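Q: sequence and predicted structure, then a few things I'm wondering about:
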Amino acid sequence: MQKRVHFISIGGAVMHNMAIALHKKGYMVTGSDDEIYEPAKSRLEKHGILPKAIGWNPQAITADLDAVILGMHARANNPELEAAKNLGLKIYSFPEFMYEQTQHKKRIVVGGSHGKTTTTAMILHVLKQNQIEFDYLVGSQLEGFETMVGFTETSELAVFEGDEYLTSALDLRPKFHVYQAEIGIITGIEWDHINVFPTYENYKAQFEIFAKALPANGALIYCASDNAVNELVDSLNIQARKIPYTTPTFEVHDGKVTVIDNGKAYPLQIFGTHNLQNMMAAMNACKEAGISTAQFFNAITTFTGTAKRLETIKADKNSMVYRDFAHAPSKLKATVNAVRELYPERELIAVYELHTYSSLDKAFLPHYANSMQAADCSAVLFSKHALEMKKMPMLSETEVAQNFGNNTQAFSNKEDLYNWIQSHYSGNENLLLMSSGTFDGMKLDF
């Protein structure tokens with residue numbers, strides 16, 4: 001009999017991808033939301049599962065539903081959620097449903113404060129190149145994958161990007177705890193999501209819980225180049241195998257990176273020390289899935305990266321313009337250093353938007369000190385409207401600039417930032433644009 005599931009908040013990035021994945025698997029899928037934007041709207045419509053109307057509809061919750069999947073966007077008093085509770089239906093957050101679908105499979109979960117999407121994407125790319133079947137969840141649209149979520153009936157392996165943010169309005173556990181990893185990865189630890197984890201120790205404890213939950217026959221793959229991760233792993237008394245990784249041997253010539261393994265050179269399409277460390281995390285995970293080192297490196301040479309992660313938006317002989325999703329201090333530093341490392345002689349302009357709750361918090365700003373130090377000049381944008389919407393204390397351009405240091409200029413108006421970029425970027429420099437947002441809608445025609 002065909003299974004029926006209903007998505008409360010179907011328009012979310014992961015939620016609409018999961019809805020499409022289940023539809024393709026043969027489930028009867030319905031859903032609702034109080035807002036659905038592109039590309040979710042068109043993608044749901046293409047598969048015939050776009051809600052007929054915007055808004056919550058408790059009448060859509062019927063006793064014959066096999067499951068209700070609750071998105072993070074939905075509040076605890078959502079009328080459809082109340083209806084589902086009253087009917088005694090099975091209610092899952094999307095992490096719980098991911099586990100439910102894969103509980104009999106070997107689960108690789110990629111955790112860490114940075115590099116999760118890229119590392120997960122690398123693992124998926126190599127598995128696909130080696131024709132190994134898998135279920136997956138990744139936080140970005142990847143080339144060669146129609147959806148960010150995928151299910152199969154016959155695979156024995158599942159690979160998840162393990163976000164440490166909360167599971168749902170009803171479940172305040174970090175998502176990566178819910179997946180119950182057998183193979184766990186920690187790429188790095190740097191305080192983030194301060195609205196949920198008010199202290200660094202509280203945030204770091206989530207990774208300890210993640211590691212301690214690994215089974216005795218499992219493994220913890222961790223970045224030994226990250227001091228916080230090393231300190232945590234050294235303190236752990238766990239039965240799971242501990243597998244450290246560091247930066248591999250590599251060379252840079254004319255803006256191209258080559259990694260050396262077992263005496264053989266492999267040309268890469270990625271760059272930066274941080275990305276090379278992510279690659280080694282992926283290599284160790286793929287070993288756990290039966291991939292040899294040679295098979296891994298042969299496949300990774302064709303990996304081109306993920307959307308908005310050091311994505312090239314302009315390239316010529318005199319200039320590169322990159323867009324990156326970086327938002328935490330360590331991500332900024334790693335991204336700026338990566339571009340500097342690739343083009344040490346060319347002038348580098350770095351631009352960043354304060355967009356997340358943590359980045360806009362006045363008390364958190366000192367963590368950004370010298371995060372763009374490797375750039376020749378740098379600028380930061382923040383939106384006063386965003387602060388008002390989040391009901392956060394107003395910032396001044398002076399205090400933001402002072403916290404970043406390194407002669408960084410701060411702007412609260414996107415037109416002023418655009419003019420600053422135009423005055424510094426002549427087409428003979430590298431330009432790096434970093435934000436998890438849209439630069440307040442600023443045009444990016446550089």
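A: Cool, got the structure. Keep in mind it's a predicted model, so treat the numbers as computed, not measured. Numbers count the residues shown, from 1 in each chain.
Q: and the helix ranked longest in the chain, what's buried?
A: Criterion DSSP state H: the longest helix present in the chain is helix 273-288. Buried positions in helix 273-288, judged by neighbour count with 16 or more other Cβ atoms under 10 Å: 273-288. Using the backbone N, CA and C atoms, a C-beta is placed for each residue, glycine as well.
Q: would you agree residue 85 falls within a strand?
A: No: using DSSP: H, G, I helix; E, B strand; the rest coil, the secondary structure at residue 85 is helix, not a strand.
Q: what's the neighbour count on it?
A: By other Cβ atoms under 10 Å, the residues close to residue 85 number 13.
Q: correct me if wrong: it contacts residue 79.
A: No: applying Cβ atoms under 8 Å, one finds residue 85 not in contact with residue 79, separated by 10.7 Å.
Q: mind giving me the packing neighbours of the host helix or strand of residue 210?
A: For residue 210, the host element (DSSP states H and E) is helix 200-212. Applying 3 or more Cβ pairs under 8 Å, 6 or more residues apart in numbering; DSSP states H and E, we find helix 200-212 packed against strand 106-111, helix 175-178, strand 183-186, helix 227-235.
Q: quick one: strands adjacent to the first one?
A: The one in question is strand 106-111. strand 157-161 (parallel), strand 183-186 (parallel) (DSSP bridges).
Q: got the contact list for that strand?
A: 99, 116, 119-120, 123, 156-162, 164, 176, 179-187, 207, 210, 281, 285, 288-289 (Cβ atoms under 8 Å, 6 or more residues apart in numbering).
Q: with the last one instead?
A: Contacts of helix 227-235 from elsewhere in the structure, counted by Cβ under 8 Å, 6+ apart, are 112, 186-190, 204, 207-208, 211, 220, 222-224, 242, 244.
Q: from those residues, which two are the most distant?
A: 190 and 242 (20.7 Å; Cβ to Cβ).
Q: those two: which is more packed in?
A: Ranked by neighbour count (other Cβ under 10 Å), residue 190 and residue 242 place residue 190 first, with 19 against 15.
Q: just to be sure, the more buried one is in a strand?
A: No: the assignment for residue 190 (three-state DSSP) gives coil, which keeps it out of a strand.
Q: model confidence at it, what's the number?
A: Residue 190 carries a pLDDT value of 89.
Q: in three-state terms, label the spatially most central residue of the chain for me.
A: For the chain, the residue nearest the mean C-alpha position is residue 117 (4.2 Å; Cα atoms, centre = their mean). Secondary structure, three-state DSSP: residue 117 is helix.
Q: the residue lying closest to residue 376 once chain neighbours are set aside and residue 251, how far apart?
A: Spatially, and ignoring its direct neighbours in sequence, residue 376 is nearest to residue 347 (4.8 Å; Cβ to Cβ, 6 or more residues apart in numbering). Separation of residue 347 from residue 251 (Cβ to Cβ, to the nearest Å) stands at 23 Å.
Q: more crowded one of the two?
A: Neighbour count, other Cβ under 10 Å: between residue 347 and residue 251, residue 347 has more, with 16 against 11.
Q: give the contact list for the more buried one.
A: The contact partners of residue 347, taken as Cβ under 8 Å, 6+ apart, are 376, 428-430.
Q: OK, contacts around the residue lying closest to residue 180 once chain neighbours are set aside?
A: Excluding the flanking residues, the one nearest residue 180 by Cβ to Cβ, 6+ apart is residue 99, at 6.0 Å. Residues in contact with residue 99, defined by Cβ under 8 Å, 6+ apart, are 107, 178-180.
Q: what is the nearest of those residues to residue 386?
A: Using Cβ to Cβ, these come closest to residue 386 at residue 178, 29.8 Å.
Q: not counting sequence-adjacent ones, nearest residue to residue 105?
A: In space, residue 105 is closest to residue 158, 4.6 Å off (Cβ to Cβ, 6+ apart).
Q: pretty sure that neighbour sits against residue 104.
A: No: using Cβ under 8 Å, residue 158 makes no contact with residue 104, being 9.7 Å away.
Q: pick out whichever of these two has more residues nearby.
A: residue 158 (26 against 8).
Q: now residue 40: phi and psi?
A: When read as degrees, to the nearest 10, the backbone of residue 40 gives phi -60, psi -40.
Q: OK, contacts around it?
A: Contacts of residue 40 (Cβ under 8 Å, 6+ apart): 10-13, 16.
Q: go on, residue 71?
A: Going by Cβ under 8 Å, 6+ apart, residue 71 touches 7-10, 12, 14-15, 33, 94, 168.
Q: dump those residues to CSV, plus pLDDT, neighbour count and distance to residue 324.
A: As requested, the contacts of residue 71 are exported to CSV (pLDDT from 0 to 100; neighbours: other Cβ atoms under 10 Å; distance: Cβ to Cβ, whole Å):
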residue, pLDDT, neighbour count, distance to residue 324
7, 98, 29, 31
8, 97, 26, 33
9, 96, 27, 28
10, 97, 25, 29
12, 92, 19, 23
14, 93, 21, 21
15, 95, 25, 25
33, 96, 25, 29
94, 92, 25, 26
168, 81, 25, 29
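Q: want to throw those into JSON lines with distance to residue 40?
A: Below are the contacts of residue 71 laid out as JSON lines (distance: Cβ to Cβ, whole Å):
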{"residue": "7", "distance to residue 40": "11"}
{"residue": "8", "distance to residue 40": "15"}
{"residue": "9", "distance to residue 40": "11"}
{"residue": "10", "distance to residue 40": "8"}
{"residue": "12", "distance to residue 40": "7"}
{"residue": "14", "distance to residue 40": "10"}
{"residue": "15", "distance to residue 40": "8"}
{"residue": "33", "distance to residue 40": "9"}
{"residue": "94", "distance to residue 40": "14"}
{"residue": "168", "distance to residue 40": "18"}
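Q: from these, which ones fall inside helices?
A: 14-15, 94.
Q: CA atoms only: put the helix or strand harbouring residue 323 into PDB for me.
A: Residue 323 is part of strand 320-324 when elements are defined by DSSP H and E. Taking Å, rounded to 0.1, in the frame of the first residue of the first chain, the C-alpha atoms of strand 320-324 are listed here in PDB:
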ATOM      1  CA  MET A 320      39.100  36.200 -10.100                       C
ATOM      2  CA  VAL A 321      35.800  37.100  -8.400                       C
ATOM      3  CA  TYR A 322      34.500  34.500  -5.900                       C
ATOM      4  CA  ARG A 323      31.300  34.200  -3.900                       C
ATOM      5  CA  ASP A 324      31.400  32.200  -0.600                       C
END
